[in-house]
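Undergrad: sharing a model prediction with you, sequence too.
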Amino acid sequence: MLKKVLVLGLLSMLVAAAGIASWNKQMAANIPFDFYLGDQLMPAGAYTITPVNANSSVVMVSSRRSLHRAVVATKPVTDSAGKFKSELVFENIGGDYFLTRFRHTDMDIERLVPPSPRQLEISRGNNKEKPVKLAVVRIR
């Protein structure tokens, strides 16, 4: 019985490792503007996006020198229009940029970053004269 439990435990660890291995690469991008990830302001610069868990629902975004880091929960994209480019998508609301989505073609990943309370607050105060704009940054 103990042998069965150990074997099942090892199998579950291997399955979890295989899930992490499906996205074991870091995505990297140079972001030319300051942006918000959640409610944390991140300065312009070179960043990496790395999965924290096996199904990539939680990711860490960190600057190259790891001076700035944020961890955020993401949601899978269900409205994807087929093939996409590797990119980070930001919303520009009233001059503030918010990371809203990331996609990576080679890894077949497309995830949404849910809006933060700050983003929702600014969106509510944004009038029709200032439309929301998208900014796209290519992933290397």
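TA: That came through fine. Numbering: from 1, shown residues only.
Undergrad: residue 139: how many residues sit nearby?
TA: Residue 139 is surrounded by 20 other residues when neighbours are defined as other Cβ atoms under 10 Å. Bear in mind the C-beta positions are built from the backbone N, C-alpha and C, glycine included.
Undergrad: can you give me the distance of it to residue 105?
TA: In this structure, residue 139 and residue 105 are 9 Å apart, going by Cβ to Cβ, to the nearest Å.
Undergrad: between the two, what contacts are shared?
TA: When Cβ atoms under 8 Å, 6 or more residues apart in numbering defines a contact, the residues bordering residue 139 and residue 105 alike are residue 86.
Undergrad: ok, residue 36 - contacts?
TA: Taking Cβ under 8 Å, 6+ apart as the contact definition, residue 36 lies against 42, 96-99, 116, 118-119.
Undergrad: for residue 102, that is, sorry about that
TA: Contacts for residue 102 were tallied using Cβ under 8 Å, 6+ apart; they are 27, 49, 59, 74, 87-89, 109-111, 113, 139.
Undergrad: can you name the residues bridging to it?
TA: Judged by DSSP bridges, the bridge partners of residue 102 are residue 88, residue 111.
Undergrad: cool, residue 72 as well?
TA: On the basis of DSSP bridges, residue 72 takes part in beta bridges with residue 59.
Undergrad: correct me, but it touches residue 49?
TA: No - the criterion here is Cβ atoms under 8 Å, and residue 72 misses it with residue 49 at 9.7 Å.
Undergrad: which of the two has more residues huddled nearby?
TA: When neighbours are counted by other Cβ under 10 Å, residue 49 comes out ahead of the other of residue 72 and residue 49, with 25 against 19.
Undergrad: give the contact list for the residue nearest to the more buried one when sequence neighbours are not counted.
TA: In space, not counting the residues next to it along the chain, residue 49 is nearest to residue 27; the distance is 4.3 Å by Cβ to Cβ, 6 or more residues apart in numbering. Residues touching residue 27, when contacts are defined by Cβ under 8 Å, 6+ apart, comprise 48-50, 86, 102, 104, 107, 139.
Undergrad: right, I'll leave it there.
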